[in-house]
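Trainee: Okay, here's the prediction I keep looking at, along with the sequence it came from:
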Amino acid sequence: MIARNITVRGVVQGVGFRPFIYRLASQHRIKGWVKNTNEAVHIFAQGEEKSLKLFIEDIAAKAPQAANITTIETAIAKPEPFDTFEIQNSENVSEAVTQVSPDIAVCEDCLYDLEHQPHRINYPLINCCHCGPRFSIIENLPYDRPNTSMKEFEMCSICQNEYHNPANRRFHAQPVACNSCGPRYTLFQWNDEQTIQTDDIEMILKIMAAGISKGKIFALKSTGGYNLICDATNENAVSNLRNIKRREGKPFAVMFRNIEVLEEYAYLNENVKQVLGSFRRPIVIIPSKKALASSVSMGFDTIGALLPYMPFHYLLFKHLSTDALVMTSGNLHDEPIIIDDSVALSSWRQKIEGVVAYNRKIVNRIDDSVIMHVENGPDIFIRRARGYVPEPIIVENRNFEGIFAAGAELTGTFAIGKANEIILSQYLGDLKNYENYLFYCQTFENFCRLFRFKPKLAVSDLHPDYHSTLFAKQLGIPLIQVQHHHAHVASAMAEHGIEDTVIGIAWDGTGLGTDEKIWGSEFLICTPQHFERFAHFEYIPLPGGDRVVDEPWRTAIAYCYTFWKEKLFDKDIEFIKTLERSKIFNILTAINKNINSPQSSSAGRLFDAVAVILGLGLRPTFHAELPMRLEAITSKLPSFEPYPFEINNNIISFAATFEEIFNDLKKIDKDYIAKKFHDTLVKAGLEICEKIRYEKGIEKVILTGGTFQNKYLFTNLFNKLIAKKFKVYTHTKIPPNDGGIALGQMYIASSQH
Ligand code: ZN
Ligand code: ZN
Ligand code: FE
């Protein structure tokens, strides 16, 4: 008889880990105990040498699906007089924390129970050790029921028996519940005078199905907040939903009944099916095959698809005739997704057909995750949230303890450091919006409590006006400020644990440079500590400053004026003819007198300008719409030659490109111009990389920044660099956009200290 102390770290709590260990122990005739502490799962195991060895091997080999073991440590222990194996009470032993599981989609076994288990027939919040809400309901560690918003629900005797029975799948499943003891759904509707409500689940489903088939809209409380839903094949319903959300042009996500149905509507491959069906259930953007209501995709030939992930979704589809539901965040415009039932009721009362709530509190608000599938390259994260957060990014041999990274502004996300783990917050929205900023502050508080985090060092963007910078400043602890694009590149370095020098191509909409100008087309030579700006696009004034984001025609004028001066009026440019002369002259005056016209090298703005010149719109209805439309029209046919451009002193000028685009406008279709333009940027990127490799011998390249959400640009530059024998690194765990900035800030801060 020998004994071992075993410590298991990783995502090992809230995923059915202790019951799994318990069953494994009885299988191998192991005696001892297992318990959760705030930092890990600890096991005392004793038995025959051979079975103990098998037991330890099986821990890693047979772990539950949502578990993610990072380390298993074993130490020799003295045998003790145990004749059973037991699950002991959880303990708080230090300030270290174990990983918290992300929320997990309902499992197959629970879907079976939904139809067969007498006390859980149609129970819409059914869950077990292997599935159900986790991060969204946790207040504190260790992950035990009293530390979650399930604490208000007392288990009935049947649930209690299951909870305490090691042979049961719900053994120590913290959110375990049933029809008689668990949280319930309620449907709220209203007539002129009063609110009518029912919590009969059959009734709720029938009313919803009938309403949805007539084109009505409902608000439905999901795992991390409310969704607004309607029939995705009913144009009236979808355009009504657009009005209610005040969302003019951004495509809506669609939940499909199942993968077979989705296959009729979109092009799938095994990789996409696997991501869509994983326990994380993100929205995946894929090429569409068959049209839904036209207001769903707004002219784009892709669809943001997801599969049901809550038991309620499955129950609802059983009653529905439609196979596809618009499933969009329940918020107004760009505010945070609503989580509070009373706010939901007051926001949508009489505007929609009904609000479907359940009486369990959402502790951590969390939106759906969004991933863009890339056919000939790695998939790209657009938004990292439900199903992924709060899984940490681990960097071996580093210590991030006590570092708070504030992130950027437009795609608010912060990060906290715990030992060698970086825990990124969920997507928090545009921090210029006050409600989103409050969400940021609240989430910071939640993270400090949950992860026992005490900030000792803060790191923020250089930009003095970012709300994240201001937040970091008011913490009153030492602050490091790092350049935006250095942080972009460092975020990818952190993902891959890169410590040496790389070529960082960081292209995006905006980021403050060290020369006080706006950067966004950077070729940086980077280590985790330092960067040198090697090359960039030439500076163009942005008349009106931030206003160019909503009025990109200003940028287009600035480009034309920079290259052609007053001769721009002699050129027969379509969009210029649609603008009032006086407006244009105001812009020219602003540029000439340098009134609120900061210099910018932003790639995003260049895309804006070209899109305007190609007549794709003057005012976008959502962020980055024009660059997205420019990409969308790009011809799929073989290429013409890219446009000419010039490189002088490592500054890339597109004067010749614009001249040729202008000539082409009269000769060839816009989809070819769009393609030639994209190919021009790819060629410029490649040439600069070759120059750097020739001069400095660096061959690792990182592609990062929001502009690389452009699939055409990304895959072409990626594949061409690889063909030229560069070692190319991109993001696999976080978005290339500003949602990844906090990770890079953290990496830089820990390198400098
Ligand atoms: Zn389950
Ligand atoms: Zn019960
Ligand atoms: Fe950025």
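Mentor: Everything's here; your move. Ligands and ions are numbered 1, 2, ... in the order given.

Trainee: would you list every one of the strands in the stretch 351-500 of the chain?
Mentor: 354-358, 370-372, 380-383, 393-394, 403-405, 415-418, 421-424, 457-461, 479-482 (DSSP state E, counting those that start in this stretch).

Trainee: partners of the shortest one, with directions?
Mentor: Same thing as strand 393-394. Neighbouring strands of strand 393-394 in its sheet, by DSSP bridges, are strand 421-424 (antiparallel).

Trainee: What parts of the stretch 601-750 of the chain come near ligand 2?
Mentor: Contact residues, the stretch 601-750 of the chain versus ligand 2 (C-beta under 5 Å from the ion): none. Just so you know, the C-beta spots here come from the backbone N, C-alpha and C atoms, and that holds for glycine as well.

Trainee: Quick check: pLDDT value at the residue in the stretch 251-400 of the chain that ligand 2 sits nearest to.
Mentor: Closest contact between the stretch 251-400 of the chain and ligand 2, by C-beta to the ion, is at Arg360 (13.9 Å). Reading off the confidence values, Arg360 has pLDDT 98.

Trainee: Low-confidence ranges, the chain, go.
Mentor: Within the chain, the stretches with pLDDT under 70 are 93-97, 639.

Trainee: Please verify my assumption that the residue of the stretch 251-400 of the chain closest to ligand 2 contacts Met150.
Mentor: Yes. Between Arg360 and Met150 there is a contact at 6.8 Å, judged by C-beta atoms under 8 Å.

Trainee: Quickly find the element holding the residue of the stretch 101-250 of the chain found nearest ligand 3.
Mentor: Closest approach between the stretch 101-250 of the chain and ligand 3, counting by C-beta to the ion: Lys250, at 19.3 Å. Using DSSP states H and E, Lys250 sits in no helix or strand.

Trainee: so which helix or strand takes in the closest residue to the residue of the stretch 251-400 of the chain closest to ligand 2 other than its chain neighbours?
Mentor: Closest residue in space to Arg360, ignoring its immediate chain neighbours: Pro183 at 3.9 Å, by C-beta to C-beta, 6 or more residues apart in numbering. Using DSSP H and E, Pro183 falls within no helix or strand.

Trainee: quick one, strands of the stretch 551-700 of the chain?
Mentor: Applying DSSP E, counting those that start in this stretch to the stretch 551-700 of the chain gives strands spanning 599-600, 646-648, 651-653, 700-704.

Trainee: can you list the domains in the protein?
Mentor: Domain assignment for the chain by automatic domain parsing gives 2-87, 200-370, 540-681.

Trainee: Is the shortest one in proximity to ligand 1?
Mentor: No. Domain 2-87 lies apart from ligand 1 when judged by C-beta under 5 Å from the ion; the minimum separation is 8.7 Å.

Trainee: Phi first, then psi, for the residue of the stretch 451-600 of the chain found nearest ligand 2.
Mentor: Nearest residue of the stretch 451-600 of the chain to ligand 2 (C-beta to the ion) works out as Phe451 at 31.1 Å. Per-residue torsions, Phe451: phi -100, psi 10 (degrees, to the nearest 10).

Trainee: Hmm, Gly504 and His485 touching each other?
Mentor: Yes. Between His485 and Gly504 there is a contact under C-beta under 8 Å: 7.2 Å.

Trainee: Between the two, which contacts overlap?
Mentor: Shared contacts of His485 and Gly504 (C-beta atoms under 8 Å, 6 or more residues apart in numbering): Glu522, Leu524, Phe531.

Trainee: Turn those into JSON lines, columns for distance to ligand 1.
Mentor: Below are these laid out as JSON lines (distance: C-beta to the ion, whole Å):
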{"residue": "Glu522", "distance to ligand 1": "47"}
{"residue": "Leu524", "distance to ligand 1": "47"}
{"residue": "Phe531", "distance to ligand 1": "47"}
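
Trainee: Fine by me, we can end here.
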